[in-house]
Structures are given as structure tokens and as C-alpha cells.
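**Student:** let me see the structure of the following:
(3 chains)
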Amino acid sequence: MTTLTPRTFTERASQVILSIPHGKVMSYGLVAAYAGNPRAARQVTRLLHSSSKKKNLPWHRVVNRNGKISLKRFQGYERQRQLLKKEGISFSQDDAIDFKTCLWHPDPDKLFF
DNA sequence: CTCGTGACTCCCG
DNA sequence: TCGGGAGCCACGA
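**Tutor:** Predicted coordinates for the structure are as follows:
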């Protein structure tokens, strides 16, 4: 395999995010944890800001630890919500996603680190 | 090297 | 239960 082992946290986090399949979601903290640093949740947000378009990341599949969308309405809240619904994800009446059925846990064996 | 940033999370009162 | 404050951290300027 020619894929290079991610060196930086950001690269690993990108890989984790890319591993989230259609119809599943992960929290910022969980992404950070799988990327190697449970406390770097905030860095995940920076990654999404800086490279979500560039790297074509499924940014909408990342929500906060309560299963809710962190974006403010004017920031794209509705767009994210719609993208998720389009993937078959449903929201409870308080706009939370059910982690029991939608939370994704990457298979460690498929990650390079 | 220092500093600001940010779609987070945890801890209290 | 809810809100505010503080901790945490990688990365780019």
C-alpha cells in the first residue's frame, strides 16, 4: 500500500472523518480520540474550518457530544441538518441524533495508526 | 518563538 | 436543569 501514515494530528483526524460512512456520525471529541488525542476536540473544529472543502471531508457527519448540531443557524445549522436527514438520520424532538443507532466507531484495524 | 483561534468539553454553582 | 467560566490543543501567521 502506498498510503502514507499520517504524521500530524490533523492528518489522522482527517482520515477518521473520512472513515465515517453514509448515515453515521461522530462527535468532535470522539474524532479527536481516534486521532490520538481525546482532548483535541477543538482542533477538529479548526480542521473542518480550514480543510473541509479542500479535502472534501463529510463535515456534516460531525456533531457535538450530545448528538446535536453545534452550528448556529446563520452558520449552516439547517444545511447540516438537511444533509444528515438526507442520509436517513432522524432527529428527536429536541433536535438530537440518536447515538444508539447512528454513532460511528471506526475499526482500528483499518486505520494506519 | 509567541499568540490567536475555534462547529469542544468539563466542571460548578 | 441551565448558564457561565476555565481548560485544552494543534496549527498557521
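**Student:** just name the shakiest helix or strand of chain A by mean pLDDT.
**Tutor:** Here the helix or strand of chain A ranked lowest by mean pLDDT, DSSP states H and E is helix A:41-51, holding a mean of 93.
**Student:** ok, the residue nearest to A:Arg39 when sequence neighbours are not counted - how many residues close by?
**Tutor:** Closest residue to A:Arg39 apart from its sequence neighbours, by Cβ to Cβ, 6 or more residues apart in numbering: A:Ala32 at 7.0 Å. In short, each C-beta sits where N, CA and C put it, glycine included. When neighbours are counted by other Cβ atoms under 10 Å, A:Ala32 registers 24.
**Student:** which strand or helix spans A:Ala32?
**Tutor:** A:Ala32 is located in helix A:28-34, with elements delineated by DSSP states H and E.
**Student:** report whether that helix contacts DNA strand B.
**Tutor:** Yes. If you take Cβ under 7 Å from any atom of the strand as the test, helix A:28-34 does meet DNA strand B, through A:28-30.
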